[in-house]
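>>> need a 3D model of the sequence below.
(2 chains)
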Amino acid sequence: MNIAVASGKGGTGKTTIALSLARYIAHNGSRVAVLDCDVEEPNVNLFLGAAIERTERAGVPVPSVDPAACTGCGACERICAFSAIVLINERPLVLPDMCHSCGGCALVCPTAAITEVPKEIGDIEYGSRNGIDYAGGRLAIGGHLSPPLINQVKRAYGSYDVRILDCPPGTSCPVIEAARGADYLVLVTEPTPFGLNDLMLAVDMVRAMGLPFGVVINRDGMGNADLERWCGVNDVRIVARVPFDRRIAEEYSRGDCASRIIECYGEQIALVAAAIAPAANHDRGTHAG
Amino acid sequence: MKIAITSTGTDTQSLVDERFGRAKGFIVHDMESGASEYIDNAQNMDSPQGAGIQAAKTVINAGVSALITGHVGPKAHAALIAAHVDMFTGASGTVDQAIQDFQDGKLTQASQATVEGHW
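Numbering: from 1, shown residues only, chains lettered A, B, ... in the order given. Now for the predicted structure:
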């Protein structure tokens, strides 16, 4: 079962909720992994503190042209929608940064002059701690195409009972890539005007994706009641509320707030686990049938 | 030899366009005959990405040996280098003035991109 934790607004507590949920699920005897899909600003392991056991380089295929075999026909340039391969004085020039790795150029080349070679886009690290297995992607400095790396992070721990995908903030391609195929999506928000605005965008996104979802209000008690009112009017289910509590912030600043949340507000995390449980049954049903 | 100047208008009295990929157009000037022609770049001005590369193709296909503009990004730079087009950046004023400055050797040749992509 894949549980995506997303938010719209950044800094609402995605990683905090993801790790608290992982801790709760692990404590109840399931095999759980947390995947850091926020490859542009990975932070899961700042709070999990797993010793890194291995690191893999992640790459995407980009074209390489054999000049001896190339006739300069331009078929590669015509099929490329991103100007990643262009003919300059009848010789193809590859611009790897523009390439979206579709493989079209290699496919249409009539003389098989194009082969695909790997281009490094980042790395993926693996480790575990406290019964939680971890994989996290990190985009290479200067890289800008995060979805292929997110896609590769999502291959980790495929056989586990529960995989928790800590998504990037926002509602654009990286979030869609991270949340795609999830059995349930937890939207973490805060009861502020900014939190509400971005929650509205995130709800539009998750409804367009057709995923079952529920909202966790983090820092409950701050801000105002607009968010709760909006959820009520728009038939958005609030599954749990984690109070705005200084003790959590203090533990956060020390790098571990999941244990404090479990200790003080474990019943709220249990509510999240209960909300995702029907998705688990659905998941099993899908695989069985 | 032919040179291209990024231009905000269709004649040599127009101001130099500081942008390359998203310039309004290019004046292609023949240094020997003194003739100038205008090539429109409207299609690239509105393209979401790859404008620099496509603009480089346009001036390369026009057969120029040098480009005069304000700034060049990294991908356009790579394409122009591959086609052995010399780049002269930092130009301003009218296209006529830029041609004169080029002839007088007042423009600096750019050995690398002067701006990041999408600046």
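>>> and B:V59, how many neighbours does it have?
28 (other CB atoms under 10 Å in any protein chain shown). Any C-beta I mention is one placed from the backbone N, CA and C, and that applies to glycine too.
>>> got it, and the one 4 residues further on?
By the measure other CB under 10 Å, the count of residues near B:G63 is 13.
>>> pLDDT weak spots in chain A?
Residue ranges of chain A with pLDDT under 70: A:281-289.
>>> repeat that for 80
Residues of chain A meeting the criterion pLDDT under 80: A:144, A:280-289.
>>> how is it divided into domains?
A:2-58+A:121-288, A:61-120 (automatic domain parsing).
>>> in a markdown table, list those domains along with mean neighbour count.
Listed next are the domains of chain A as a markdown table, based on neighbours: other CB atoms under 10 Å in any protein chain shown:
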| stretch | mean neighbour count |
| --- | --- |
| domain A:2-58+A:121-288 | 19 |
| domain A:61-120 | 17 |
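>>> okay, those in a markdown table with distance to chain B next?
Output for these, formatted as a markdown table (distance: least, CB to the nearest CB, whole Å):
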| stretch | distance to chain B |
| --- | --- |
| domain A:2-58+A:121-288 | 9 |
| domain A:61-120 | 3 |
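>>> turn these into a markdown table, including distance to B:D40.
Conversion of those to a markdown table gives the following (distance: least, CB to CB, whole Å):
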| stretch | distance to B:D40 |
| --- | --- |
| domain A:2-58+A:121-288 | 30 |
| domain A:61-120 | 19 |
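>>> packing partners for the lengthiest helix in chain A?
The helix that spans the most residues within chain A, counting by DSSP state H, is helix A:258-288. Judged by 3 or more CB pairs under 8 Å, 6 or more residues apart in numbering or on different chains; DSSP states H and E, the packing partners of helix A:258-288 are strand A:2-6, helix A:14-27, strand A:184-189, strand A:213-220, strand A:238-243, helix A:246-253.
>>> any idea how far A:D38 is from A:L145?
Using CB to CB, to the nearest Å, A:L145 is found at 15 Å from A:D38.
>>> would you turn the helices and strands packed on helix A:258-288 into CSV with distance to A:G195?
CSV is the format used below for the helices and strands packed on helix A:258-288 (distance: least, CB to CB, whole Å):
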stretch, distance to A:G195
strand A:2-6, 13
helix A:14-27, 12
strand A:184-189, 5
strand A:213-220, 8
strand A:238-243, 13
helix A:246-253, 17
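>>> closest one to A:S172 among the ones you listed?
strand A:2-6 (11.5 Å; CB to CB).
>>> OK, contacts around residue 54?
This is for chain A. Contacts here follow CB atoms under 8 Å, 6 or more residues apart in numbering or on different chains; on that basis A:R54 touches A:E125, A:Y126.
>>> nope, chain B
By CB under 8 Å, 6+ apart, the contact set of B:Q54 is A:S83, A:V86, B:G21, B:Q43, B:N44, B:S47.
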